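Novice: okay, sequence plus prediction incoming.
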Amino acid sequence: MKLYGTLTSPYVRKVRAFLHEKGIAHEFIIEAPGDAAGNVSRLNPLGKVPVLLRDDGEALFDSPVIIDYLDGLQGAPLMPPVGDARFHAQRWHALAQGICDAVVTRLMETRRRPELQDPAVIAKQEGKVAGALRFAEAHLGNGSTLAGERFGIADIALAVALEYIDLRHPHDWRSGHPALARWLTGVAEHPCLKKTRAPT
Ligand SMILES: N[C@@H](CCC(=O)N[C@@H](CS)C(=O)NCC(=O)O)C(=O)O
C-alpha cells in the first residue's frame, strides 16, 4: 500500500506513526495536495492528505478512516475494542484532531497578507487550542497511557497534536499545563513518534 502526504502535516504524521507502531509495510510518497504529480487530487476528491492507496486500487482518505482501516489489518489493535476505554480513546483522538484543525486554520489566517488577516479568526482558533489544552490537563489521569492498558491511538494522536502546536503555533503552553507537559516528555521518545517527527 502507498501513503501520500507531506512531512509536516499532523494528520499524515499520525497515520505514519500508526503504520510504524503496527508494523505495516507501506511506501510513503511525499506529495502535497497541489503537487504537479496530481495523485492527491486524483485519489481524494477533497484534495487533502493523507491518502492511503491500497494494493487493489481503493483509496482511503481522512485520517480517522485510514486509522480505523489499518487497525483491523494486523497485530494488536491500537484502539481499545470496547467499553469506556474505547470511548475515551475516540474522544482523545477527536480532541487531537480538533487541535490540529484549529492550528491549521490559525496558520492559514496568519499566512494571508497582513491587511487581509482577521484577528478575530486567529483569536477564535487560539481559544480552541487553549480550551483543548485545559481539557487534556484535567483529564490526563495517572497512568502513562491515555486510554486502555497499552500505548495506542489516543497517545499517538495527542502527542502528534501537541508537537504540531510547537511546530506551527509555538508558545509556552507547558508552564500552564505541567501534567500534560510531563506526559508529552514521557511519550515523545517512543520510536513511532521519533521516526515521524517533522524535520526542523
Ligand atoms: N480531516 C482531514 C484533514 C486533512 C487535511 O486538512 N490535510 C491538509 C494538510 S495538513 C491538506 O491536505 N490541506 C489541503 C487542502 O485543504 O486543500 C484528515 O484528518 O485527514
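Specialist: Thanks, I have it.

Novice: how about the closest residue to residue 188 other than its chain neighbours, what does it touch?
Specialist: Distances taken as C-beta to C-beta, 6 or more residues apart in numbering put residue 159 closest to residue 188, at 6.5 Å, once the chain neighbours are dropped. In this view, the C-beta of every residue, glycine as well, is placed from N, C-alpha and C. Taking C-beta atoms under 8 Å, 6 or more residues apart in numbering as the criterion, residue 159 is in contact with 184, 187, 188, 190, 193.

Novice: and the longest helix seen in the chain, how far from the chain's centre?
Specialist: Across the chain, the helix with the greatest residue count (assigned by DSSP state H) is helix 83-110. Relative to the centre of its chain, helix 83-110 is centred 8 Å away, using C-alpha atoms, centre = their mean, to the nearest Å.

Novice: what of stretch 133-151?
Specialist: 16 Å.

Novice: again with stretch 2-20
Specialist: Taking C-alpha atoms, centre = their mean, one finds the center of stretch 2-20 at 8 Å from the center of the full chain.

Novice: stretch 65-72 too?
Specialist: 14 Å.

Novice: can you check stretch 109-120 too?
Specialist: That offset, for stretch 109-120, works out to 25 Å (C-alpha atoms, centre = their mean).

Novice: that older thread, narrow the contacts of residue 159 to those that are buried.
Specialist: 184, 187, 190, 193 (16 or more other C-beta atoms under 10 Å).

Novice: make JSON lines from the contacts of residue 159 and add distance to the ligand and secondary structure to it.
Specialist: Converted to JSON lines, these look like this (distance: C-beta to the nearest ligand atom, whole Å; DSSP: H, G, I helix; E, B strand; the rest coil):
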{"residue": "184", "distance to the ligand": "20", "secondary structure": "helix"}
{"residue": "187", "distance to the ligand": "21", "secondary structure": "helix"}
{"residue": "188", "distance to the ligand": "21", "secondary structure": "coil"}
{"residue": "190", "distance to the ligand": "21", "secondary structure": "coil"}
{"residue": "193", "distance to the ligand": "18", "secondary structure": "helix"}
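
Novice: out of those, which is nearest to residue 27?
Specialist: Nearest to residue 27, judged by C-beta to C-beta, of those is residue 193 at 20.7 Å.

Novice: give me the pLDDT value at that closest one.
Specialist: You'll see residue 193 listed with a pLDDT of 98.

Novice: residue contacts, it?
Specialist: 17, 156, 159, 160, 163, 187.

Novice: re earlier: now the two most distant members of the contacts of residue 159.
Specialist: The two members of the contacts of residue 159 with the most space between them (C-beta to C-beta) are 184 and 190, at 10.7 Å.

Novice: would you list every one of the strands in this structure?
Specialist: Assigned by DSSP state E, the strands in the chain fall at 2-5, 27-30, 51-53, 59-61.

Novice: closest one to the ligand among those?
Specialist: Between the ligand and those, the tightest spacing by C-beta to the nearest ligand atom is seen for strand 59-61, at 6.5 Å.

Novice: still on that earlier bit, just the pLDDT at the residue nearest to residue 188, thanks.
Specialist: 98.

Novice: residue 153 versus that one, what's the distance?
Specialist: According to C-beta to C-beta, to the nearest Å, residue 159 and residue 153 sit 11 Å apart.
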